[in-house]
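> Need coordinates for the following:
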Amino acid sequence: MALIPDVKEGDWHGLNKILKKLSTLRLGSESTPTFGGLTINGDLSVTGKGTFDSLVVDTDTLVVNVAGFEDRVGIGTTSPKALLHLKGPSATLRIQDDGASTDYFELQDTSSSQAKLNKFAASGGVVIDFNPMSGDNSNVSFRLFSGTNTTGAKKFQLFKGDGTAVVHAQFGVEGTDSFFQIGGGNVGIGTASPGEKLEVNGDILVSGLTATRLVSTDANKKLVSSDLNSWVAGTTNQVIITDDSDGTITLSTPQDIHTGAGPTFAGLTISGHTNTSTLTIT
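Residues are numbered from 1 along each chain as shown. Next up, the predicted model:
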């Protein structure tokens, strides 16, 4: 049976000898002892208020305000590098609403090159909001960037969501170039259900266009294309349209038109044309 003395102020004479013989020590409510250092091999239970200059639990399970790392808390580390430093295999910080029994949010360091934001809900949809707010209505931004010494691409990737690590779409910047890439399916602008590889619901304004194929529309107003080589001789594949400012336009090519070609321009069919590099329509 353990001896449990109720120690009060003034009863500390010979305490070191007593502590060596005790397995349990209870300090009374009026006690305010001061220890130069105290090591407890076992459990410590504090009811009420406990004041420590520093605290170490189980070597590195919990480290608080130790020498050299003052005003810091370490969990799993004896040398916390920030106000709160967690260290361990896939170290995870979990935040949970007081009324949620199974739903939670986690910030996880999974490896040397990857971190995760996890929001788990037992049922229903899940939303993670990034909500920058400006009190004076100034512009706010969500930024994704690497250090100035990183020349690789900076990308935002969307995965298929089928349990595989397959990127379905991504957009980003590499050097001075921006890019958008899709791994399959259709892309819609102005529509959430595109029926073709690219469907635009609205007008398109193009300030400059260089084409390597002849483009026209079919009866359903879809763009169709054919190789310019089918009616233009040579390999340059180039047609130049010039406004003559007199009600006429000039179509010119740097090579001859095939004598057997039959291209159609807005209702004008050309067939059996003699070799020439310039055709003028009036």
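> Surely residue 197 is in contact with residue 184?
No: if you go by C-beta atoms under 8 Å, residue 197 and residue 184 don't touch, sitting 10.0 Å apart. The C-beta positions use only the backbone N, C-alpha and C, and glycine is treated the same way.
> is it true that residue 97 touches residue 119?
No: in this structure residue 97 lies outside contact range of residue 119 using C-beta under 8 Å: 11.3 Å.
> between those two, which one's more packed in?
Ranked by neighbour count (other C-beta atoms under 10 Å), residue 97 and residue 119 place residue 119 first, with 12 against 9.
> and stretch 179-187, what's its mean pLDDT?
For stretch 179-187, the mean pLDDT works out to 81.
> Show me where the stretch 1-150 of the chain has its strands.
With DSSP state E, counting those that start in this stretch, the ranges of strands along the stretch 1-150 of the chain come out as 6-7, 26-27, 55-57, 62-64, 73-75, 84-86, 92-95, 104-111, 114-120.
> same question, the stretch 151-282 of the chain
For the stretch 151-282 of the chain, strands defined by DSSP E, counting those that start in this stretch occupy the ranges 154-159, 167-174, 177-182, 187-189, 198-200, 213-217, 223-227, 240-243, 249-252, 264-265, 268-269, 278-281.
> how close does residue 66 get to residue 79?
8 Å (C-beta to C-beta, to the nearest Å).
> So which of those two has more stuff around it?
A side-by-side neighbour count of residue 66 and residue 79, using other C-beta under 10 Å, places residue 66 first with 17 against 13.
> Contacts only, for that one.
Residues near residue 66 by C-beta atoms under 8 Å, 6 or more residues apart in numbering: 54, 56, 74, 78.
> distance of the last one from residue 182?
To tie it back to what came earlier, the one meant is residue 78. 49 Å.
> Likewise for the first one?
Distance, residue 54 to residue 182, using C-beta to C-beta: 56 Å.
> Between these two, which is the more surrounded one?
Using other C-beta under 10 Å as the criterion, residue 54 and residue 182 rank with residue 182 on top: 15 against 12.
> Name the residues linked to the more buried one by a beta bridge.
In this entry, residue 182 is beta-bridged to residue 169, by DSSP bridges.
> Looks like it contacts residue 167 (just checking).
No: applying C-beta under 8 Å as the test, residue 182 and residue 167 come out as separate, 9.5 Å apart.
> Could you chop the protein up by domain?
Under the assignment automatic domain parsing, the domains of the chain span 1-33, 56-96+104-120, 171-202, 206-281.
> Okay, now the unreliable bits of the stretch 151-282 of the chain?
Within the stretch 151-282 of the chain, the stretches with pLDDT under 70 are 209-217, 221-241, 247-249, 251-282.
> hmm, 80 instead?
151-152, 163, 175, 183-185, 208-282 (pLDDT under 80).
> The residue nearest to residue 79 when sequence neighbours are not counted: neighbouring residues, count only.
Leaving aside its sequence neighbours, residue 79 sits nearest to residue 69 (C-beta to C-beta, 6 or more residues apart in numbering; 5.8 Å). Neighbours of residue 69 under the rule other C-beta under 10 Å: 19.
> Tell me the spacing between residue 69 and residue 84.
Distance of residue 69 to residue 84, computed by C-beta to C-beta: 12 Å.
> picking that back up, could you rank the contacts of residue 66 by neighbour count and give me the top one?
residue 74 (23 neighbours).
> which residues touch it?
With contacts defined as C-beta under 8 Å, 6+ apart, residue 74 is in contact with 60, 62, 63, 64, 66, 80, 85, 87.
> ok, the closest residue to the first one other than its chain neighbours - contacts?
Spatial nearest neighbour of residue 60, chain neighbours left out: residue 78 (4.7 Å); criterion: C-beta to C-beta, 6+ apart. Contacts were defined as C-beta under 8 Å, 6+ apart; by that measure residue 78 touches 56, 59, 60, 63, 66.
> Could you measure from residue 124 over to residue 133?
Applying C-beta to C-beta, the value for residue 124 to residue 133 is 26 Å.
> returning to what we had before: and for residue 97 and residue 119, which residues touch both?
Common contact partners of residue 97 and residue 119 (C-beta under 8 Å, 6+ apart): residue 104.
> wouldn't the residue nearest to residue 79 be in contact with residue 77 here?
No: applying C-beta under 8 Å as the test, residue 69 and residue 77 come out as separate, 9.2 Å apart.
> The nearest residue to residue 71 once chain neighbours are set aside: neighbour count?
For residue 71, ignoring the flanking residues on the chain, the nearest one in space by C-beta to C-beta, 6+ apart is residue 65 at 6.2 Å. Other residues near residue 65 come to 16 when the count uses other C-beta under 10 Å.
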